[in-house]
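Novice: Sequence first, predicted coordinates after that:
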Amino acid sequence: MQRKEKEALVAHLHDKFKEAKAAILTDFTGLNVEQITDLRRTLKKSAVEYTVVKNTLLRRASHDTDIELLAEYFVGPIAIALAYEDPVAPAKILTDFSKEQPVLEVKAGVITGTVLTPQDIKALASLPSKEVLLAKFVSLLKFLPTRLVQVLNTPVQGLVSTLAGVKETKEKT
């Protein structure tokens, strides 16, 4: 690769790194082309880009971005998954894929300036999806007014029951 091509690639990667909401580094050693292609297809469905990058180019491109925090992990064969929409998506997909293909090693990640260890990434992957969390939140919002009405009705129902009891005792006498 010529110097000008490398400079263009570094500039292109730098722009992508600034855009990304999350990034996860993996060691893909041991995966064949078909497996990497399957992984890329799966990631692409969730607006995640998976790229193999030379470490020297990665160091230069990550300068002044959140990905620079991962510089200590730029050792050996590296591929980086960049999420542009849902920052949790690459964690879920890569964790699931590494269960099927244990040779894929998740090294580290970064989300909004926070470095994540492989254990953090697994914990992040085990969280419910955004849609599930929103559904729970909406049901909670629906439940609270209903419960408030029930609580406010309880004293009134008690008063009505007491008055009905007084009425019955007066009718008997």
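Specialist: Nice, thanks for sending it over.
Novice: what about the helices in the chain?
Specialist: Along the chain, counting by DSSP state H, helices occupy 3-19, 33-45, 55-61, 89-100, 118-125, 130-172.
Novice: Tabulate these (TSV), appending mean pLDDT, mean neighbour count and distance to Gly76.
Specialist: (Each C-beta comes from the backbone N, C-alpha and C, glycine too.) Below are the helices of the chain laid out as TSV (pLDDT from 0 to 100; neighbours: other Cβ atoms under 10 Å; distance: least, Cβ to Cβ, whole Å):
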stretch	mean pLDDT	mean neighbour count	distance to Gly76
helix 3-19	90	14	18
helix 33-45	92	14	16
helix 55-61	92	17	8
helix 89-100	92	20	16
helix 118-125	91	16	15
helix 130-172	78	10	33
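Novice: centroid residue for the chain?
Specialist: The residue lying closest to the centre of the chain (Cα atoms, centre = their mean) is Val88, at 1.3 Å.
Novice: What sits closest to that residue if chain neighbours are left out?
Specialist: Leu124 (5.9 Å; Cβ to Cβ, 6 or more residues apart in numbering).
Novice: show me what contacts the one you found?
Specialist: Applying Cβ atoms under 8 Å, 6 or more residues apart in numbering, we find Leu124 in contact with 88, 91-92, 111, 116.
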